[in-house]
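*Asks:* Provide a 3D model corresponding to the input given below.
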Amino acid sequence: MTRGADYSSQDDVALVSASKRGEMSAFEELVGRHRDKIYARALSMVRNEDEAVDLSQEAWVKAWQRLVQFQGDSSFLTWMTRITINLCLDHLRRQQRARTESLDQMDEESGGVERQMPLVEAKPEEQMDRLTLRRRIDSALGQLSHEHRTVLILHEFEGLEYKEVAKRMGCSIGTIMSRLFYARRKMAILLSELKKEGYV
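*Replies:* Below you'll find the model as predicted:
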């Protein structure tokens, strides 16, 4: 395998080819070469530095996972930028949906509801209430993105630690923590109605 230091003089086409062969050092060179541009694109769209870091990080993970799909019809940077833009658009759509919920409700109830959410149960004698609760929780989970739903299930329901979840999902612990925060917040909003109706 070529040493990582040798990659600095190669162009993107050669680096992509090496990366497709599984040479992580070549991909790391691509990351180092274009990281700032990808972060800048994410920041220009979401206008939040922390979110831009998470989204650009997620874009690189997706790029590595989907590298075999890159056919070279455009430059690698253009392809990466498309991935980043799509992630940002998905993120902004989720934010827009969340803004339709009551911010006051989120402030007042998210802390309590999100911590109770994995342990939510109806009383044993209330069979119908339990079934209603399960349907509502399943419905709320179904409204999360695949990434947020997966991290929530692995960490909260299966009890896996951050590092194990990160390993399974192929991304950093920081990304997992960020996804878990957003997933908990969204679930808190969706489940807040349960509290009003006496199911929580």
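
*Asks:* Got the domain ranges for this structure?
*Replies:* 4-95, 102-196 (automatic domain parsing).

*Asks:* can you tell me which of these the model trusts least?
*Replies:* Within these, confidence is poorest for domain 102-196, with a mean of 70 (mean pLDDT).

*Asks:* Output the domains of the chain as JSON lines; include the columns mean neighbour count.
*Replies:* (C-beta placed from N, C-alpha, C; glycine too.) JSON lines is the format used below for the domains of the chain (neighbours: other CB atoms under 10 Å):
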{"stretch": "domain 4-95", "mean neighbour count": "16"}
{"stretch": "domain 102-196", "mean neighbour count": "16"}
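
*Asks:* ok, and what's touching stretch 58-78?
*Replies:* Outside stretch 58-78, the residues that touch it by CB atoms under 8 Å, 6 or more residues apart in numbering are 12-13, 15-16, 19-20, 27, 30-31, 34-35, 37-38, 42, 79-80, 83-84, 87, 147, 170-172, 175.

*Asks:* What is the end-to-end distance of that stretch?
*Replies:* Start to finish, the residues bounding stretch 58-78 are 16 Å apart (CA to CA, to the nearest Å).

*Asks:* just how off-centre is it within its chain?
*Replies:* Put simply, stretch 58-78 sits 18 Å off its chain's centre (CA atoms, centre = their mean, to the nearest Å).

*Asks:* Could you do stretch 75-87 as well?
*Replies:* Relative to its chain's centre, stretch 75-87 lies at 17 Å (CA atoms, centre = their mean).

*Asks:* quick one: the helices in this protein?
*Replies:* Here the chain has its helices, by DSSP state H, at 12-20, 24-46, 49-65, 76-99, 103-116, 127-142, 146-152, 162-169, 173-196.

*Asks:* what packs against the last one?
*Replies:* So that's helix 173-196. Using 3 or more CB pairs under 8 Å, 6 or more residues apart in numbering; DSSP states H and E, the elements in contact with helix 173-196 are helix 49-65, helix 76-99, helix 103-116, helix 127-142, helix 146-152, helix 162-169.
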